[in-house]
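**Q** Coordinates only, no sequence provided:
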């Protein structure tokens, strides 16, 4: 059975920040802007008012060309509020040119090679006794679990993010919006 054909309402609701369920849809809005499946990750992200910090970080790290490339990529995209919840000065420090390698490591820790939609991820979690680990482009792993209908992602430091909007299709992959910045181990 094609997993993408399964009814998202029955299997894939993902909790949002407001507590309501968010479902995959054609050209969903993220940060007040429609996300178009025929545009790449960067082309869409620059239009999201909720991802201005992420876009600035991607530019500072020199990853625009990479994330505009063929892919496919699965990006777990933290919203501005996620960056704001980091300790004071963290974002500013990461954006300094001398910290480009560290910034690149943090950003590529949010990217998994391939086009992994929510149905696929949920099946992987269920098929692996409730916990699935995937290697990121950075090289370290993220761990995925379900908490009710919500997909939770645990990073190397024990931080936990929640997918708030799933399956935002891009021409070179898929974005899943998350509420926390994921951090690799030091």
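**A** Looks like it arrived, so ask away. Keep in mind that this is a model prediction, so the values were computed, not measured. Numbering: from 1, shown residues only.

**Q** My read is that residue 68 contacts residue 39, right?
**A** No - with contact defined as C-beta atoms under 8 Å, residue 68 does not reach residue 39; the gap is 9.8 Å. The C-beta positions use only the backbone N, C-alpha and C, and glycine is treated the same way.

**Q** what residues do the two have in common as contacts?
**A** Common neighbours of residue 68 and residue 39, counting by C-beta atoms under 8 Å, 6 or more residues apart in numbering, are absent.

**Q** those strands in this structure, which residues are they?
**A** 14-15, 21-22, 29-30, 33-34, 73-78, 111-113, 132-135, 141-147, 150-154, 160-170, 173-178 (DSSP state E).

**Q** Nearest approach to residue 46 belongs to which of the ones you listed?
**A** Nearest to residue 46, of all the strands of the chain, is strand 33-34, at 9.0 Å by C-beta to C-beta.

**Q** which residues sit against the closest one?
**A** Strand 33-34 has contacts (C-beta under 8 Å, 6+ apart) with 27, 28, 44, 47, 48, 49.

**Q** Excluding covalently adjacent residues, which one is nearest to the third one?
**A** Nearest in space to residue 44, with sequence neighbours left out and distances taken as C-beta to C-beta, 6 or more residues apart in numbering, is residue 35 at 4.6 Å.

**Q** Could you point out which residue ranges in this protein have low pLDDT?
**A** Counting by pLDDT under 70, the chain has low-confidence residues at 1-26.

**Q** center of it, which residue is that?
**A** residue 76 (0.8 Å; C-alpha atoms, centre = their mean).

**Q** For it, name its beta-bridge partners.
**A** Note on residue 76: beta-bridge partners by DSSP bridges are residue 176.

**Q** Who are the contact partners of it?
**A** 110, 111, 112, 142, 153, 161, 163, 175, 176, 178, 182.

**Q** Turn these into TSV, columns for neighbour count and distance to residue 124.
**A** Output for these, formatted as TSV (neighbours: other C-beta atoms under 10 Å; distance: C-beta to C-beta, whole Å):
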residue	neighbour count	distance to residue 124
110	29	18
111	20	17
112	25	11
142	21	12
153	22	13
161	22	17
163	23	14
175	25	18
176	24	14
178	24	17
182	24	18
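
**Q** Since that was my last question, I'll sign off now.
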